[in-house]
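**Student:** give me coordinates for this.
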Amino acid sequence: MKKKILAALVASIFTVASTGIFAGSVNLNTADAKTLADNLDGVGMSKANAIVAYRTEHGPFKTVEDVQNVKGIGTGTFESIKSDLNIKEK
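**Tutor:** Here you go, the predicted model:
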């Protein structure tokens, strides 16, 4: 039984790591709206869709601070999510 639990845990860690969401890091340039909403405190589907729409219209974010250009992402929201954001290329 312990081996099955361990195997399931290891499999779930690899699944999370392969999505690019590990150790609290969400890529602003590749994450879909659901990923953004599910992993960023204070960001629901409305703000997540706004982030994706902004990225689609304006191109990739150059810095994580640029997310503040998205309507609905103010200083307070940014301060609470900035440590969870990245723009790293694979």
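
**Student:** return the set of buried residues in the helix or strand containing Asp38.
**Tutor:** Secondary structure assignment for Asp38, by DSSP states H and E: helix 33-39. When neighbours are counted by 16 or more other Cβ atoms under 10 Å, the buried residues of helix 33-39 are found to be 33, 35-37, 39. Every C-beta, even on glycine, is put in place using the N, C-alpha and C of the backbone.

**Student:** show me where pLDDT drops low in this protein?
**Tutor:** In the predicted model, the chain carries pLDDT under 70 at residues 2-24, 90.

**Student:** residue closest to the middle of it?
**Tutor:** Ranked by distance to the mean C-alpha position of the chain (Cα atoms, centre = their mean), the top residue is Val26 at 2.9 Å.

**Student:** tell me the SS of the closest residue to Thr75 other than its chain neighbours?
**Tutor:** By the measure of Cβ to Cβ, 6 or more residues apart in numbering, the closest residue to Thr75 outside its immediate chain neighbours is Gln68, 7.1 Å from it. Judged by DSSP: H, G, I helix; E, B strand; the rest coil, the three-state class of Gln68 is helix.

**Student:** pull the contacting residues for Gln68.
**Tutor:** With Cβ atoms under 8 Å, 6 or more residues apart in numbering as the criterion, the residues that contact Gln68 are 74-75, 78.

**Student:** swap in Glu65?
**Tutor:** 78, 82.

**Student:** ok, now with 10 Å
**Tutor:** Taking Cβ atoms under 10 Å, 6 or more residues apart in numbering as the definition of contact, the neighbours of Glu65 are 78, 82, 85, 87.

**Student:** wait, Asn39 touches Ile51, no?
**Tutor:** No - using Cβ atoms under 10 Å, Asn39 and Ile51 do not qualify as a contacting pair, with a distance of 12.0 Å.

**Student:** can you list residues touching both of those two?
**Tutor:** Residues touching both Asn39 and Ile51 comprise Ala31, with contact defined as Cβ under 10 Å, 6+ apart.

**Student:** please, which helix or strand holds the residue nearest to Gly72 when sequence neighbours are not counted?
**Tutor:** By the measure of Cβ to Cβ, 6+ apart, the closest residue to Gly72 outside its immediate chain neighbours is Lys47, 4.9 Å from it. Using DSSP H and E, Lys47 sits within helix 45-58.
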